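A.B. asks: What follows is a predicted structure for the sequence shown.
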Amino acid sequence: MTRASVFFLAFVFLAGPLAAGPGAEASSSPSDRRSFRFTYEAVVSKIDPSARRVEMWLPVAADTDVQRVTDLKVEAPSGVSSHLDREYGNKILNVALDPKGAESLRVRVSYTVLRKEDRRSPVRMTLREVRSPSPVSDRFLQGDRLVPVDDFIRSIAREVTLGKSTPLEKAEAIYEHTVETMRYDKSGTGWGNGDLYYACDIRRGNCTDFHALFIGLARAASIPAKFVIGFPIPAERGRGSVAGYHCWAEFYLDGFGWVPVDTSEAAKDKARKAYFFGTLDPNRIEFTTGRDILLAPPQNGERLNYFIYPYVEVDGKAHAEVEKNFAYQDMPDFPRKAFLFRRALQ
């Protein structure tokens, strides 16, 4: 394996202040915020000795109103560059090199993450707390390859939202329908693709399938909605490995802004169903938004269904032999001034 170099890329992505939700500091407590180190490692193996180019794309954790990412450290052989995808603005690291006969390639990325509880419930916020929303793209009303917005889906959306007049009422009805008619079950095959028709037919799956149903029905009801994916962090403080991704959704209300929902977590814990409509716990790290992802620089292969795991091409062809390892380690002190109220800065 080629000897790794270490790159510190914090200045590339992480400039700018971070805001928190309205009044968040005043009501924060140790249980609704956390600080941890997150490590993302990918190892490409079984590279043909005759290969002339290996290229890897990795998602970069997002900076948001409730998540601050600092101290980004990249360990890679060489050829590291940073990019934003044009459609969603996702942050991407690209590693490209001549393998020179190497049979494997290792890339390791680590961050310090400060995460707060995400409180954007339109039900619980008072009018004075509502921030001016940013413009929403029409992309979030359009279908995806596996989440179409067609006549069949529109008919389901009309049925689910019958008697509801406002976008908020319709979103609540779609949330209720998703949580109460889907079952979190990863047995068998077909789950995990975020396939709306699969969700409608089988009524079970993982978080991608739950949120395909919510997003598809919301868009069919003319409510903009988007897919968000990252990793779950165990609620127990400490250190350990993270087995795989977790995703959720956001929907948009005119005059208010984006509202987060986590239908799969609500289905697993019905006692917290009301909580997960407009609120997300801090035990997660957000990476990317959207489906049918065109990477930057563009990949030769098909658009990615979603982008959370590393994508690799060897000599321009998709390469599946990639081992993934994710880990976290909690840090003892959460800097209280890490989150600034945005309106005070404008």
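C.D. replies: The structure has been received and is ready for your questions.
A.B. asks: Relative to Pro122, how far out is Glu169?
C.D. replies: 11 Å (C-beta to C-beta, to the nearest Å). C-beta: built from backbone N, CA, C; applies to glycine.
A.B. asks: should've said Pro297
C.D. replies: Taking C-beta to C-beta, one finds Pro297 at 39 Å from Pro122.
A.B. asks: more crowded one of those two?
C.D. replies: Between Pro297 and Pro122, Pro122 has the larger neighbour count (other C-beta atoms under 10 Å), namely 18 against 13.
A.B. asks: Give me the phi and psi for that one.
C.D. replies: phi -70, psi -20 (degrees, to the nearest 10).
A.B. asks: what residue ranges in the protein score low on pLDDT?
C.D. replies: In the predicted model of the chain, residues 1-30, 124-135, 333-346 satisfy pLDDT under 70.
A.B. asks: Residue nearest the middle of it, spatially speaking?
C.D. replies: Ile229 (2.0 Å; C-alpha atoms, centre = their mean).
A.B. asks: so what strands line up beside the helix or strand hosting it?
C.D. replies: According to DSSP states H and E, Ile229 maps onto strand 225-232. Strand 225-232 has these partner strands in its sheet, going by DSSP bridges: strand 246-253 (antiparallel), strand 284-289 (antiparallel).
A.B. asks: Distance from the chain centre to it, please.
C.D. replies: 3 Å (C-alpha atoms, centre = their mean, to the nearest Å).
A.B. asks: Mind giving me the packing neighbours of whichever helix or strand comes after that strand?
C.D. replies: Downstream of strand 225-232, the first helix or strand assigned by DSSP H and E is strand 239-241. Contacts defined by 3 or more C-beta pairs under 8 Å, 6 or more residues apart in numbering; DSSP states H and E place strand 239-241 against strand 322-330.
A.B. asks: Only the buried residues of the strand it packs on, if you could.
C.D. replies: Of all the residues in strand 322-330, those buried under the rule 16 or more other C-beta atoms under 10 Å are 322, 326, 328, 330.
A.B. asks: ok, now stretch 107-124?
C.D. replies: 107-122.
A.B. asks: got the CA coordinates for that stretch in CSV?
C.D. replies: Extracted C-alpha coordinates of stretch 107-124, given in CSV (Å, rounded to 0.1, in the frame of the first residue of the first chain):
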residue,chain,number,x,y,z
VAL,A,107,-8.5,6.5,3.2
ARG,A,108,-9.4,7.6,6.7
VAL,A,109,-11.4,10.8,7.5
SER,A,110,-12.1,12.1,11.0
TYR,A,111,-14.0,15.0,12.4
THR,A,112,-14.9,16.7,15.7
VAL,A,113,-18.7,17.0,15.7
LEU,A,114,-20.8,19.2,17.9
ARG,A,115,-24.4,18.3,17.6
LYS,A,116,-27.6,19.8,19.1
GLU,A,117,-31.1,18.5,19.3
ASP,A,118,-32.9,19.8,16.2
ARG,A,119,-36.0,21.7,17.2
ARG,A,120,-38.0,23.0,14.3
SER,A,121,-41.5,22.0,15.1
PRO,A,122,-44.1,24.3,13.7
VAL,A,123,-46.5,23.0,16.3
ARG,A,124,-44.3,24.1,19.2
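A.B. asks: which residues in the stretch 1-150 of the chain form helices?
C.D. replies: With helices called from DSSP state H, counting those that start in this stretch, the stretch 1-150 of the chain shows them at 10-13, 24-27.
A.B. asks: re earlier: between the buried residues of strand 322-330, which is closest to Leu141?
C.D. replies: Phe326 (32.8 Å; C-beta to C-beta).
A.B. asks: That closest one against Phe38, yeah?
C.D. replies: Yes - in this structure, Phe326 is within contact of Phe38 by C-beta atoms under 8 Å, at 7.5 Å.
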